[in-house]
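**Q** Sequence first, then the predicted structure:
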Amino acid sequence: MGRAVSTYHQRIAQEKRSVILEAATALFLELGYDRTSLARIAEHSGVSRATLFKQFPSKAALFDAMVTESWSVDDEETAPPAGDVAHGLGVLGHRYAALLCRPRMTDLFRIVIAELPRFPELADAQFARGKMPYFESVRTYLVAEHEAGTVQIDDVELAATQFLGMISNYVFWPTLLVPGWEVGAERVAEVVDEAVRTAVARYSTAGSPTPTGD
């Protein structure tokens with residue numbers, strides 16, 4: 001009985017957390033970080049202030065959670081095994097493009113950029129909770145390939161940064177500056193595959209096999 005009650009309370013807490021994050025995301029996008037208060041978030045999410053503060057003791061903590069949620073991936077999306085660098089980079093590249101193309105991702109970056117002069121910690125949250133974990137997954141994968149002898153990379157951090165940059169510089173960053181910039185699914189796939197081909201041609205120890213995607 002006690003375990004059932006505990007499970008029930010955990011489920012309710014998780015549901016309230018999801019509701020709070022959804023309300024906070026909508027308000028941050030509509031009003032910006034500075035004009036969004038925890039009291040307003042509690043009102044829009046339909047929970048008490050005490051419940052909100054129990055989940056998120058500060059607005060910064062709530063923003064951190066929102067960034068983490070925006071960049072989250074399914075548990076099943078484990079790192080591809082070393083041995084086929086074209087396939088592995090294709091998997092990681094397509095996942096990264098899918099993350100960048102998620103609804104609200106562009107708006108989230110706009111919040112960080114707009115509020116940066118007054119709230120530099122937002123950029124830290126976006127980088128540390130968002131991009132850095134994904135960058136680390138690519139770096140770790142390239143290290144595994146290097147150790148397996150399928151690639152020869154002297155600077156793995158640079159290689160990971162350049163690989164992700166080839167994707168984001170086409171499918172994401174222009175959306176912040178160019179009105180109406182949209183990249184269709186087929187074009188996204190082409191961009192990722194070209195990034196894979198470039199990386200494989202530069203680092204592979206066994207030629208340049210064709211990317212196989214997901």
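**A** Nice, thanks for sending it over.

**Q** C-alpha only now, for contacts and for neighbours.
**A** Fine.

**Q** which helix is the longest one in the chain?
**A** Longest helix in the chain, counting residues (DSSP state H): helix 2-31.

**Q** pretty sure Arg197 contacts His87?
**A** No - under the contact definition of CA atoms under 8 Å, Arg197 does not touch His87, with a separation of 10.4 Å.

**Q** ok, back up a step: what mean pLDDT would you report for the longest helix of the chain?
**A** Rounded to a whole number, the mean pLDDT of helix 2-31 is 81.

**Q** swap in stretch 105-123?
**A** Over the span of stretch 105-123, the pLDDT mean works out to 85.

**Q** residues of the lowest-mean-pLDDT helix or strand in the chain that come out buried?
**A** The helix or strand of the chain with the lowest confidence, counting by mean pLDDT, DSSP states H and E, is helix 2-31 at a mean of 81. The neighbour-count criterion (16 or more other CA atoms under 10 Å) identifies 16-17, 19-21, 23-28 as the buried residues of helix 2-31.

**Q** Any chance of the residues you listed in JSON lines with distance to Met66 as columns?
**A** Rendered in JSON lines, the data for the buried residues of helix 2-31 read as follows (distance: CA to CA, whole Å):
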{"residue": "Lys16", "distance to Met66": "14"}
{"residue": "Arg17", "distance to Met66": "11"}
{"residue": "Val19", "distance to Met66": "12"}
{"residue": "Ile20", "distance to Met66": "10"}
{"residue": "Leu21", "distance to Met66": "6"}
{"residue": "Ala23", "distance to Met66": "10"}
{"residue": "Ala24", "distance to Met66": "8"}
{"residue": "Thr25", "distance to Met66": "7"}
{"residue": "Ala26", "distance to Met66": "11"}
{"residue": "Leu27", "distance to Met66": "12"}
{"residue": "Phe28", "distance to Met66": "10"}
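
**Q** Please enumerate the helices of this protein.
**A** Taking DSSP H as the criterion, the chain carries its helices at 2-31, 38-45, 49-55, 59-71, 85-100, 105-115, 121-125, 132-148, 156-171, 174-177, 185-203.
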